[in-house]
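J.: need the 3D shape of this:
(one chain, ligands or ions: 2)
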Amino acid sequence: MKENLVENYKCLLMEVDLLHKKYEEIILNELKKSHEYQQEETENFSLENFEFNEKTINNLLTEILYSLKKYLPKKNIFFSNALDISKIENYIKSKSFNELFKIISNKKEIKKFARTLNLKQSSFAFIIFNLIKPYFKAIAKIEKDRIKIEKKDNFCPFCKTKPNIAYIQKDTGKRFLICPLCGTSWEFARIKCPFCGNEDQRYLGFFIINDDYKFRVDYCKKCKGYIKTLNMKYAIDENIEFTPELLVELDIAAEKEGFIMK
Ligand SMILES: [Zn+2]
Ligand SMILES: [Zn+2]
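T.: Numbering: from 1, shown residues only. Ligands and ions are numbered 1, 2, ... in the order given. Below you'll find the model as predicted:
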């Protein structure tokens, strides 16, 4: 990525992150109000149990697209064509929330719809992912008690999304994976690739950037997968988090080393 493109991308992620913070509260309140599900043990979680306020989702979409246009206005690695906002808006507004979730969880669907909208797959996935993320975070909060966590899960026990970040607990040294969509975290073996299941230490390793042991990239040479990891052992502040900026830097470093985002 070229230098100013990286800077713009970081700005875009920070702005979208602020948008999420703003919308998460609104969405949580809306969903709680509309939520009519019964606390029955047998009933499985379903998106059908929620009513999605169209106005809120449309407002969020408009703001995400506005930010995209502001920071990535021209043809670049994200867009093969100039961004046609009204076309994308009309298209996404014609889909239900359920449909959007099905699209984002299926690579073939992403490819198909990205082509329809003249967008690169990554930019189409970016829009949909960031549109549904605050909803999943809110739903995961509401459904928290029903999430059944298995230690062996290599994908989110709640929404089945692959993890992309992890943290290592300070005192126990245990590793927890974090879902990028709904924010659920769950314990996972420390010496094991979450993507291919490889446990052979010869193929597993990590590297740090900026001489900072808090933030590292754990990788697997078998499947080329990697996961950005916060090692609390080196953190003074307990509330430390990844910033969007840092995540971009770690992704770029991982890609340079030949690893692939899974
Ligand atoms: Zn999840
Ligand atoms: Zn692997």
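
J.: shaky segments in the stretch 151-262 of the chain?
T.: Scanning the stretch 151-262 of the chain for pLDDT under 70 picks out nothing.

J.: show me which residues of it sit near ligand 1.
T.: Residues of the stretch 151-262 of the chain found near ligand 1, taking CB under 5 Å from the ion as the criterion, are 156, 158-159, 161, 179, 181-182, 184. (Glycine included, C-beta is placed from N, CA and C.)

J.: for Lys133, state which of those residues is nearest.
T.: For Lys133, the nearest member of those is Leu181. The distance, counting by CB to CB, is 5.7 Å.

J.: who's in contact with that closest one?
T.: Contact criterion CB atoms under 8 Å, 6 or more residues apart in numbering gives 129, 132-133, 136-137, 156, 159, 161 as the residues in contact with Leu181.

J.: quick one: those residues as CSV, columns for neighbour count, distance to Phe45 and secondary structure too.
T.: Below are the contacts of Leu181 laid out as CSV (neighbours: other CB atoms under 10 Å; distance: CB to CB, whole Å; DSSP: H, G, I helix; E, B strand; the rest coil):
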residue, neighbour count, distance to Phe45, secondary structure
Phe129, 18, 20, helix
Ile132, 23, 15, helix
Lys133, 23, 17, helix
Phe136, 24, 11, helix
Lys137, 19, 14, helix
Cys156, 24, 12, coil
Cys159, 23, 9, coil
Thr161, 18, 14, coil
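
J.: still on that earlier bit, which of the residues of the stretch 151-262 of the chain next to ligand 1 are close to ligand 2?
T.: Of the residues in those, proximity to ligand 2 by CB under 5 Å from the ion holds for none.

J.: please enumerate the strands of the chain.
T.: Remark: strands of the chain, listed N- to C-terminal, are 165-168, 175-178, 185-188, 204-209, 212-220, 226-231; assignment by DSSP state E.

J.: most packed of those?
T.: Scoring those by mean neighbour count under mean count of other CB atoms under 10 Å gives strand 226-231 as the most buried, with a mean of 24.

J.: just checking, what packs against it?
T.: With contacts taken as 3 or more CB pairs under 8 Å, 6 or more residues apart in numbering; DSSP states H and E, strand 226-231 sits against strand 165-168, strand 212-220, helix 244-256.

J.: 6 Å - rerun?
T.: With contacts taken as 3 or more CB pairs under 6 Å, 6 or more residues apart in numbering; DSSP states H and E, strand 226-231 sits against strand 165-168, strand 212-220.

J.: out of the ones you listed, flag the one nearest ligand 2.
T.: Proximity to ligand 2, assessed across the helices and strands packed on strand 226-231 by CB to the ion, is greatest for strand 212-220 (3.1 Å).

J.: let me see the contact set for the residue nearest in space to the middle of the chain.
T.: When the chain is reduced to its mean C-alpha position, the nearest residue by CA atoms, centre = their mean turns out to be Pro180, at 3.0 Å. Listed by CB atoms under 6 Å, 6 or more residues apart in numbering, the contact partners of Pro180 are Asn164.

J.: which among the contacts of Leu181 gets closest to Asn8?
T.: Asn8 has its nearest neighbour among the contacts of Leu181 in Phe129, at 18.5 Å by CB to CB.

J.: among the contacts of Leu181, which one sits closest to Phe50?
T.: The shortest gap between Phe50 and any of these belongs to Phe136, at 10.8 Å (CB to CB).

J.: now do the contacts for that closest one.
T.: Phe136 makes contacts with 159, 181-182, as judged by CB under 6 Å, 6+ apart.

J.: which among those residues gets closest to Ser34?
T.: Cys182 (18.1 Å).

J.: which ones are touching the closest one?
T.: Shown here is Cys182, whose contacts under the criterion CB under 6 Å, 6+ apart are 136-137, 140, 158-159.
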